[in-house]
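Undergrad: 3D model of this:
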Amino acid sequence: MATTASTQARARLLAGGALLLLTAACSSSGTPAAKSTGEGLHVPPPSVSAVPTLARADDKALPIEAYLLTPEQQRQLIAARDALTSRCMTRLGFTYTPEPAPAEPGTRQRNLTQWRYFVTDTAETSQYGYTVKDFRPGEKPSRAAKPPAYLLALTGSADGSVAVAPGQTPKGGQDINGQQIPPGGCLTEALGKLGAGAANGNGGDAQLASDIKNSGWNQSLADARLVAAFAAWSGCMKAKGYDYPTPIAAADDPQWQSIGASSEKARQTATTDATCKAEHNVVGIWYTVESAYETTLIEQNAEAMRAVKQDIDNRMKLAAQALAS
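TA: Sure, this is the predicted structure:
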């Protein structure tokens, strides 16, 4: 089934953090982390000084990105986690083999705004419709079964479970090969040495940063300025033979699942969609309004957001130390 830009965006927008270092290492039988929606962070409509004319925004950064891990920082933290886990496992008498990462997809997201406002490039929509150019899902790597003793050392549990209920102590403390397994196993020990905790999604993005990212998006959709831009876009679409209330509705049209999001009809619709966005500066308004909400929320939580930045700096220093030793 084709993967639409809308599906891509929804998964990205609702993700609670950029990275859960814990789940990158091994599967867990515990309850998944809650997704961030940004509920509870509401502000009055912020003023904007000027609205740029933008056909697309994939070369722009949102204010919240300064408080989120970059892809390079994620890679460094994973490398440091693996190095620390390996040393711990060696201490317990095991050779640690990091779980293989998923195969690289054909197209990787360059930044937060690349597909955030759905289709915007008529050169691409004329070829790919509502699908992402050259997209193919990354293949899931095969995972070899690990012996119970290995999993016990890695996670503190012979079944490989590392998740615990809030307030409970991670499993561990058993003796193995004359050594005591740390609480939560070597994986939790490694994450602890890298400053992972509840506030940063166990080694990913800070919950507050994720909440602000998603709240800015949700509040922008209800903002009168964007509602008016959507109405103008909808009128443009209707004049050209398409009846959709918003760009999200167009990208989410159920017919793309049956006839194909890159079918001729989808290509024609998506191209008209992007054209009407450009004619009514929908992307410029959307990006500006969303940025204004984010900026206001960041300013209202200034002290906490300074702590978020400091936490990232501290964790990157810990990662550098782990990789250098």
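
Undergrad: So which bits of the longest helix along the chain are buried?
TA: Longest helix in the chain by number of residues (criterion: DSSP state H): helix 302-324. For helix 302-324, burial by neighbour count (16 or more other C-beta atoms under 10 Å) applies to 305, 308, 311-312, 315-316, 318-319, 322. For the C-beta atoms, the positions are set from N, CA and C on the backbone; glycine is no exception.

Undergrad: what's the distance between Pro148 and Gln114?
TA: When distance is defined by C-beta to C-beta, to the nearest Å, Pro148 is 43 Å away from Gln114.

Undergrad: Those two: which is more packed in?
TA: Between Pro148 and Gln114, counted using other C-beta atoms under 10 Å, the more crowded position is Gln114 (21 against 12).

Undergrad: any idea which helix or strand comes after the helix or strand hosting Thr269?
TA: Thr269 belongs to helix 264-279 when assigned by DSSP states H and E. Counting by DSSP H and E, the element after helix 264-279 in chain order, helix or strand, is helix 282-300.

Undergrad: so what does that next one touch, helix or strand wise?
TA: helix 207-222, helix 224-239 (3 or more C-beta pairs under 8 Å, 6 or more residues apart in numbering; DSSP states H and E).

Undergrad: could those go into TSV alongside mean pLDDT, distance to Asn177 and mean neighbour count?
TA: As requested, those are exported to TSV (pLDDT from 0 to 100; distance: least, C-beta to C-beta, whole Å; neighbours: other C-beta atoms under 10 Å):
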stretch	mean pLDDT	distance to Asn177	mean neighbour count
helix 207-222	96	38	22
helix 224-239	98	60	16
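
Undergrad: Quick one: the ones you listed as a markdown table, columns for distance to His42 too.
TA: Converted to a markdown table, the helices and strands packed on helix 282-300 look like this (distance: least, C-beta to C-beta, whole Å):
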| stretch | distance to His42 |
| --- | --- |
| helix 207-222 | 7 |
| helix 224-239 | 15 |
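
Undergrad: can you pull out the strands in the stretch 101-250 of the chain?
TA: Here the stretch 101-250 of the chain has its strands, by DSSP state E, counting those that start in this stretch, at 175-176, 179-180.

Undergrad: I'd like to know which of these is closest to Ala270.
TA: When the strands of the stretch 101-250 of the chain are compared by C-beta to C-beta, strand 175-176 sits nearest Ala270, at 56.8 Å.

Undergrad: average pLDDT across the closest one?
TA: Taken as a whole, strand 175-176 has a mean pLDDT of 90.

Undergrad: count of neighbours near Trp286?
TA: Neighbours of Trp286 (other C-beta under 10 Å): 27.

Undergrad: number of nearby residues for the residue nearest to it when sequence neighbours are not counted?
TA: Excluding the flanking residues, the one nearest Trp286 by C-beta to C-beta, 6 or more residues apart in numbering is Tyr117, at 5.4 Å. When neighbours are counted by other C-beta under 10 Å, Tyr117 registers 24.

Undergrad: isn't Tyr117 right up against Ile285?
TA: No: with contact defined as C-beta atoms under 8 Å, Tyr117 does not reach Ile285; the gap is 10.0 Å.

Undergrad: related to what we said a few turns ago, out of the buried residues of helix 302-324, who's nearest Arg75?
TA: Ala319 (9.8 Å).

Undergrad: ok, the closest one to Asn200 distance?
TA: Taken as C-beta to C-beta, the span from Ala319 to Asn200 is 13 Å.

Undergrad: Show me the shaky parts of the protein.
TA: The chain contains residues with pLDDT under 70 at 1-39, 101-108, 134-143, 159-170.
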